[in-house]
Structures are given as structure tokens and as C-alpha cells.
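A.B. asks: Only the shape, not the letters, is given here:
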């Protein structure tokens, strides 16, 4: 029930329009469904089956209660020529009391067994055999992904291979966040000074979106999740691309110099240039599709707007405006566009 409600809320958030000059730029990731009732992994499928059971039982109880209520209204309604005064009172009924004690106990027992079974299937204590190991770190308000064995660090967009289990180690850099992609797996919190885990196995290639499901501050609603499942060969090629250091194109030298002279390099990592960790890694920035943890598509225009004034696209974000003039802004954008 909770997952279904959260799914509806996220869908409503993504369908609502934003106000201001950047209305046409703000998006909620590509137009893909995040319907928990369309799972593409075993763990999400287990959660769906449990949800259907709970919804079915609740619907049956609701129908019975409403049927009794309607019958009572019709059967015992006041009639024009009915005798005045209080109707006869009935005290105690062993059969009724036994029924409303036993039936709820049976329902709770069934739901408990089903829930325990689902938890055992979904919340594994050890990584599945051959799993891809990824560390996911929640920040205010973006996601960091570290492929430790592969030596790759990226941000906001998690790329995984189809058909291979993915084991996520969930950490928080500041407050409580929650990693939740409905079609892949259930909601799991990222708690400061505590390590949690979740896992999934994407069965189909595609883009699956989600949302931080734990209120974490001003931009909680703009902390989107994006998981892209690729064929194993495509994933291997992506890993090799991500391992390559960023190269400086001569035409972008001015922008590169600005990047190293300003505060950019203190917050952002560009392999071979800077090693900042406060903000997202930019080594292969243009290999991503969105910016600001999914609030806008990543292209020249939105990149320029973001550098000019990040708070215009994502109010309350922790990146300051550098107050660049037009020439400096064009140079910086030109440099960042080369980071592929």
C-alpha cells in the first residue's frame, strides 16, 4: 500500500508544471514509467505480488463492510408507520464475537507469513553470486556511484548490465535519503554512519526512474533517480569509456584554465585535472543525459543556465553562482562539453 501510494505521488510530482522562466527546461527524467506493478526484476516482482495480496485482502474487507453497511441502512431504516420509541436491544453474541476475533487473526497471520517470505527474498544479507558491486552515496541533493572493482566514479545516472545482479551498498554523506526505483526494487534508506544494502537484477534493457523517498531537505523533490540497464557488451564498453581520463581539447583551453583557477576544481573531480569530492564527478559529464540529479536535460543551453545560476534550475542547491561574464561563461561551457 505504501509503495503504491508513493508511486502515485511521484507520478503527480512529475506531471505538475513548474513556474518561472525555466518551465520548458525542468523535467522529471525521460518519459518512462515508474509503475511498481510493471516490475523488471525478481525483487520488484516479489514486492508486487505481496502488494496485490494486501490490496486484495483490503478490497475484500472493504466490500464486506460496505455491503453490511448498505444492508443495514436498507433493512433497518425508519418507516412511516413504525412504532415510536427505542428498538429492542440485543446484548452479546458468542458467534459474532468469535467471528470478529478469529477472522482478523487469520488475516494478520496470512499477511505476516507472506511479508516474512517476501522480506527473505528481497533483503538478502550477502551479495548474489557474480553481482556487480556498486557503492551508492546520497548527498544533498544528488547521487554518487562508485564502481570500486572497475575504478569508475559517476553521478546521478547508474548504468548496469542486463541479466547480472547488482549489489548496492548504500551510504549517506549528510542526512537520511532513500533509494527507490519501483520497477527494480523496494525502498531502502541511506542513513548517516550506517551501511545498508539493496539489490536488483534488471531483466530488460531500458531506463528506469525513481525518487529519493525520504524527505531530505529543500530539494528532496528534485533528487531523482535514473538507472539505465544495457546489454552486457554495451555495459563493458561504457565501463572502458569511463575509465579513460578527461582530455583537454585545445579549443577549450580557456575554459579549462577557468575551471582550475576558480572554485570548480575544489568541489568537482575531473581525472587528470582535479580531485574534488564535494560535488559530482565531471570527468565524463557529457556521457549523461540529465543535470542536477535529473531536473533538466543535459545540453549546451541548460549547461549554460546551470553554470550562470544553478539556483534558477534547482532552487536551494549547494552550488554557488560564479558570476561569470558572457565570454567566460561560453568558455566554461565549451570546456565542459568536451568531457565525454
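C.D. replies: Arrived safely, thanks for sending. Values in this document were obtained by computation on a predicted structure and should not be read as measured data.

A.B. asks: Number of residues surrounding the nearest residue to residue 285 once chain neighbours are set aside?
C.D. replies: The shortest distance from residue 285 to any non-neighbouring residue, by Cβ to Cβ, 6 or more residues apart in numbering, is to residue 339 (4.4 Å). C-beta: built from backbone N, CA, C; applies to glycine. Look at residue 339: counted by other Cβ atoms under 10 Å, it has 23 neighbours.

A.B. asks: what residues are up against residue 339?
C.D. replies: For residue 339, the contact set (Cβ atoms under 8 Å, 6 or more residues apart in numbering) comprises 246, 270, 282, 283, 284, 285, 286.

A.B. asks: So residue 90 versus residue 70, what's the distance?
C.D. replies: Residue 90 sits 21 Å away from residue 70, going by Cβ to Cβ, to the nearest Å.

A.B. asks: Let me see the domain layout of the protein.
C.D. replies: The chain breaks down into these domains under automatic domain parsing: 1-78+89-243, 250-336.

A.B. asks: out of the ones you listed, deepest packed?
C.D. replies: When you average the neighbours per residue for each of the domains of the chain (mean count of other Cβ atoms under 10 Å), domain 250-336 leads with a mean of 18.

A.B. asks: could you pull out the strands for the stretch 151-300 of the chain?
C.D. replies: Ranges of strands in the stretch 151-300 of the chain, per DSSP state E, counting those that start in this stretch, are 152-155, 157-161, 166-172, 177-179, 188-190, 196-200, 206-211, 224-230, 269-270, 274-275, 290-291, 296-297.

A.B. asks: one step back: out of the contacts of residue 339, which one has the lowest pLDDT?
C.D. replies: Within the contacts of residue 339, residue 246 has the lowest pLDDT, namely 75.

A.B. asks: Tell me how many other residues crowd it.
C.D. replies: For residue 246, using other Cβ under 10 Å, the count is 19.

A.B. asks: close enough to count as contact, it and residue 281?
C.D. replies: No. Contact criterion Cβ atoms under 8 Å: residue 246 and residue 281 do not qualify, at 10.0 Å.

A.B. asks: Give me the common contacts of the two.
C.D. replies: Joint contacts of residue 246 and residue 281 (Cβ under 8 Å, 6+ apart) are residue 270.

A.B. asks: returning to that earlier point: where among the strands of the stretch 151-300 of the chain is the average confidence lowest?
C.D. replies: strand 274-275 (a mean of 78).

A.B. asks: Could you pull up the residues touching residue 143?
C.D. replies: 136, 137, 155, 156, 158, 223, 225, 293.

A.B. asks: which residues of this structure score low on pLDDT?
C.D. replies: 1-33, 248, 250-251 (pLDDT under 70).

A.B. asks: ok, longest helix in it?
C.D. replies: Identified as the longest helix of the chain according to DSSP state H is helix 42-75.

A.B. asks: by contact count, what packs against that one?
C.D. replies: helix 2-15, helix 94-122, strand 196-200 (3 or more Cβ pairs under 8 Å, 6 or more residues apart in numbering; DSSP states H and E).

A.B. asks: what about the second one, distance to the chain center?
C.D. replies: This means helix 94-122. Relative to the chain's own centre, helix 94-122 is displaced by 31 Å; criterion: Cα atoms, centre = their mean, to the nearest Å.

A.B. asks: which residues does residue 122 contact?
C.D. replies: Counted by Cβ under 8 Å, 6+ apart, residue 122 has contacts 43, 46, 47, 185, 186.

A.B. asks: out of the contacts of residue 339, which are inside helices?
C.D. replies: Short answer: those have none in helices (DSSP H).

A.B. asks: For the residues you listed, work out which two are farthest apart.
C.D. replies: The distance between the two most remote of the contacts of residue 339 (Cβ to Cβ) is 12.1 Å, for 270 and 286.

A.B. asks: and of the contacts of residue 339, the nearest to residue 320?
C.D. replies: residue 282 (16.0 Å).

A.B. asks: bridging residues for the residue nearest to residue 288 when sequence neighbours are not counted?
C.D. replies: Residue nearest to residue 288 in three dimensions, not counting chain neighbours: residue 157, with 5.0 Å by Cβ to Cβ, 6+ apart. With DSSP bridges applied, residue 157 shows beta-bridge pairing to residue 226.

A.B. asks: Other residues contacting stretch 106-117?
C.D. replies: Contacts for stretch 106-117 (Cβ under 8 Å, 6+ apart): 50, 53, 54, 57, 61.

A.B. asks: again, only this time at 7 Å
C.D. replies: 50, 53, 54, 57 (Cβ atoms under 7 Å, 6 or more residues apart in numbering).

A.B. asks: Closest one of those to residue 275?
C.D. replies: residue 50 (44.5 Å).

A.B. asks: what's the closest residue in space to that closest one that isn't next to it in sequence in contact with, if anything?
C.D. replies: Nearest in space to residue 50, with sequence neighbours left out and distances taken as Cβ to Cβ, 6+ apart, is residue 118 at 4.5 Å. When contacts are counted by Cβ under 7 Å, 6+ apart, residue 118 touches 46, 47, 50.
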